[in-house]
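Peer 1: A predicted structure for the sequence below; I have some questions about it.
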Amino acid sequence: MLFAYLAVFCGVILLLIWSSQSLLLNRIYSRIMLSRMDAAAGDLATICDSEGAQRGAEVIAVNYQVGIAVFDLTDTGLGSRLLWAGGEGGSVLSRLTNAEYAELYAAASVSGSVTRTYSDRFDFAPSEVGGTLRPPLSITADAHRIVRVRLMETPSGNQIVVFLDAAMMPVGSAAGALQVEILLLSIVLVVGALCLAYVMSRRIVAPITRLTEKAGRLAGGHYDVSFAEESSYREIGELSATLDYAAGELSKVDGLQKELIANISHDLRTPLTMIIGYGEIMRDIEGENKPENVQVIIDEAKRLSGLVNDILQLSRYQAGCETLDISSFNLAEELQHTAASYGQMLEGRGFHFFVQVPGALPVTADRLRVQQVINNLVSNAVNYAGDSREIMLIGKQLADGYLRVEVVDHGEGIPPDKLADIWQRYYKVDAQHKRSVIGSGLGLSIVRGILELHHARYGVESRLGEGSRFWFELPPKQ
């Protein structure tokens, strides 16, 4: 296919060259000749009044390779001949009769100029000019001449008529030589196109073909395929790197999907097992229908309901189906309320919550969802707070108008290579999934969905053994 494209391109170029030399060569050559003769006529008109006019005419005849005859004009027609040059040998001007000069002048007087070509076996009989006998002249199609007649005006205002005569080169034979040259060029171009197509197929097409085959394997689920290609073309290298990155991301997503299914199955099975177990105990053992057993069933059912709701909510965020209920509220009050609620709930476990805000922090956003973001970040901090059990909530306004919220713990921290992945659903830093102390395990994924819906900035800073700082920044207005 590549060779076919190159062959068509070469064919178009050759067709243009062939057409131009067949259709335009004669026309272009004629225009060049006429332009040269008109330039000679202009030079003659300039020097005609000077003392060295005859010598100047001879120089012009040599420079422009033309024959020259200049006459002045009278009221009755052609007057005396003023200049003569280059009229020897095969010049037509030396063989024209007075009647023929008069005829050419009469034709030129209508439009200011006239051109006549003498060819196709045009014969001139022997003639005598200035007492000199001119030999006969036979002009064939292979060697013809052109006469150009121009009515001009000298710098002094005298009216003159200029007759110019030049030999026309045999364009037909030159065209034949060009055709042979084009034929040879065609052969060279076709062979060159074949060689170039072979080289290009080896350097470009072959790597792309291999990449296509590997992409097919990737589509079949073989995420370990490598797209590395050695190529001197930057685009192929970039394509290989992009496909390698895509393979890595697909492999990661596939792993997360399998992990998600396993973890959801674990978190669903645990409360269901407890509900079934306590229900069977209450049914089969007399006296076990106690309020504490019923409470266990209720707690596990709530946990199961919360997990299902979180999964549905995360799916809606990822599908783009959620909308915001925008209102104005004080973000500082939300931070203080969250800290008080969690402090009261976890007071028996030794947790301490601190709030640091400069005062009121008015913001325009979806209040319930911002509350959910803060709750999820605090729940995550509680789960990984470690032995310090101190959590700080910080709120402040930035110079660009954004409101920044930080949730800081002093727990185990997150490895640097895991920071970019913790926002994935059910992603776990440690190797073993643990049932969350608080929450469903989807909290950070829901946080990301809510913040992206608000067009907010978010991130995490963490060091192993020192704790983590989760933050988000809400824009001034939604």
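Peer 2: Received the coordinates, thanks. None of these values were measured; they are calculated from a predicted model. Numbering: from 1, shown residues only.

Peer 1: alpha carbons only for contacts and neighbour counts from here, please
Peer 2: OK.

Peer 1: Below-threshold pLDDT in the stretch 351-478 of the chain: ranges please.
Peer 2: Across the stretch 351-478 of the chain, the ranges flagged by pLDDT under 70 are 424-441, 477-478.

Peer 1: let's see it at 90
Peer 2: 359, 368-369, 372, 375-376, 379-389, 401, 410-450, 452-454, 463-466, 475-478 (pLDDT under 90).

Peer 1: could you pull out the helices for the stretch 151-300 of the chain?
Peer 2: Using DSSP state H, counting those that start in this stretch, the helices found in the stretch 151-300 of the chain span residues 171-200, 206-219, 234-284, 291-319.

Peer 1: Mind giving me the packing neighbours of the longest one?
Peer 2: This points to helix 234-284. helix 206-219, helix 291-319 (3 or more Cα pairs under 8 Å, 6 or more residues apart in numbering; DSSP states H and E).

Peer 1: for it, what is the average pLDDT?
Peer 2: Taken as a whole, helix 234-284 carries a mean pLDDT of 77.

Peer 1: Just give me how far that helix sits from the chain centre.
Peer 2: Centre-to-centre, helix 234-284 and its host chain are 38 Å apart (Cα atoms, centre = their mean, to the nearest Å).

Peer 1: Can I take it that Thr338 is in a strand?
Peer 2: No. Read with DSSP: H, G, I helix; E, B strand; the rest coil, Thr338 is helix and lies in no strand.

Peer 1: Report whether the expected contact of it with Asn376 is present.
Peer 2: No. Counting by Cα atoms under 8 Å, Thr338 stays clear of Asn376, with 10.6 Å between them.

Peer 1: between those two, which one's more packed in?
Peer 2: Asn376 (22 against 17; other Cα atoms under 10 Å).

Peer 1: Wasn't the more buried one part of a helix?
Peer 2: Yes. Membership of Asn376 in a helix is supported by three-state DSSP.

Peer 1: one step back: TSV for the helices of the stretch 151-300 of the chain, including distance to Leu398?
Peer 2: Below are the helices of the stretch 151-300 of the chain laid out as TSV (distance: least, Cα to Cα, whole Å):
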stretch	distance to Leu398
helix 171-200	56
helix 206-219	45
helix 234-284	34
helix 291-319	28
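
Peer 1: Quick one, which of these gets closest to Ala61.
Peer 2: helix 171-200 (22.4 Å; Cα to Cα).

Peer 1: what helices or strands is that closest one leaning on?
Peer 2: helix 2-23, helix 25-47.

Peer 1: For the helices and strands packed on helix 234-284, could you give me JSON lines that also reports mean pLDDT?
Peer 2: JSON lines is the format used below for these (pLDDT from 0 to 100):
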{"stretch": "helix 206-219", "mean pLDDT": "80"}
{"stretch": "helix 291-319", "mean pLDDT": "78"}
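
Peer 1: can I get these in JSON lines with distance to Leu272?
Peer 2: Below are the helices and strands packed on helix 234-284 laid out as JSON lines (distance: least, Cα to Cα, whole Å):
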{"stretch": "helix 206-219", "distance to Leu272": "37"}
{"stretch": "helix 291-319", "distance to Leu272": "8"}
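
Peer 1: got CSV for these, with distance to Gly77 and mean neighbour count too?
Peer 2: Listed next are these as CSV, based on distance: least, Cα to Cα, whole Å; neighbours: other Cα atoms under 10 Å:
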stretch, distance to Gly77, mean neighbour count
helix 206-219, 81, 15
helix 291-319, 97, 15
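
Peer 1: one step back: for Tyr64, which of the helices and strands packed on helix 171-200 is the nearest?
Peer 2: Of all the helices and strands packed on helix 171-200, helix 25-47 comes closest under Cα to Cα, at 6.6 Å.

Peer 1: In that closest one, which residues have enough neighbours to count as buried?
Peer 2: Buried positions in helix 25-47, judged by neighbour count with 16 or more other Cα atoms under 10 Å: Leu25, Asn26, Met33, Leu34, Met37, Asp38, Ala40, Ala41, Leu44, Ala45, Thr46, Ile47.

Peer 1: Just give me how far the following helix or strand past that helix sits from the chain centre.
Peer 2: Remark: after helix 25-47, the chain's next helix or strand is helix 53-64, criterion DSSP states H and E. Offset of helix 53-64 from its chain centre (Cα atoms, centre = their mean): 61 Å.

Peer 1: and Leu474, how far is that from Ile326?
Peer 2: Separation of Leu474 from Ile326 (Cα to Cα, to the nearest Å) stands at 13 Å.

Peer 1: Between these two, tell me which one has more neighbours.
Peer 2: Between Leu474 and Ile326, counted using other Cα under 10 Å, Leu474 has the larger neighbour count: 22 against 16.

Peer 1: Phi first, then psi, for the more buried one.
Peer 2: phi -90, psi 140 (degrees, to the nearest 10).

Peer 1: give the contact list for it.
Peer 2: Val363, Tyr402, Leu403, Arg404, His454, His455, Ala456, Arg457 (Cα atoms under 8 Å, 6 or more residues apart in numbering).

Peer 1: Identify the bridge partners of it.
Peer 2: Leu403 (DSSP bridges).

Peer 1: Quick check: it vs Asn330, distance?
Peer 2: From Leu474 over to Asn330 (counting by Cα to Cα), the distance is 13 Å.

Peer 1: list residues touching both of those two?
Peer 2: Val363.

Peer 1: Go ahead and report the secondary structure state at the closest residue to Arg463 other than its chain neighbours.
Peer 2: Excluding the flanking residues, the one nearest Arg463 by Cα to Cα, 6 or more residues apart in numbering is Gly413, at 5.2 Å. Three-state assignment for Gly413 (three-state DSSP): coil.

Peer 1: Now do Gly413: how many residues are near it, please.
Peer 2: Neighbours of Gly413 (other Cα under 10 Å): 20.

Peer 1: Over to it: give its phi and psi.
Peer 2: phi 80, psi 180.

Peer 1: Identify the residues contacting it.
Peer 2: Contacts of Gly413 by Cα under 8 Å, 6+ apart are Tyr384, Ser462, Arg463, Leu464, Gly465, Glu466, Gly467, Ser468.
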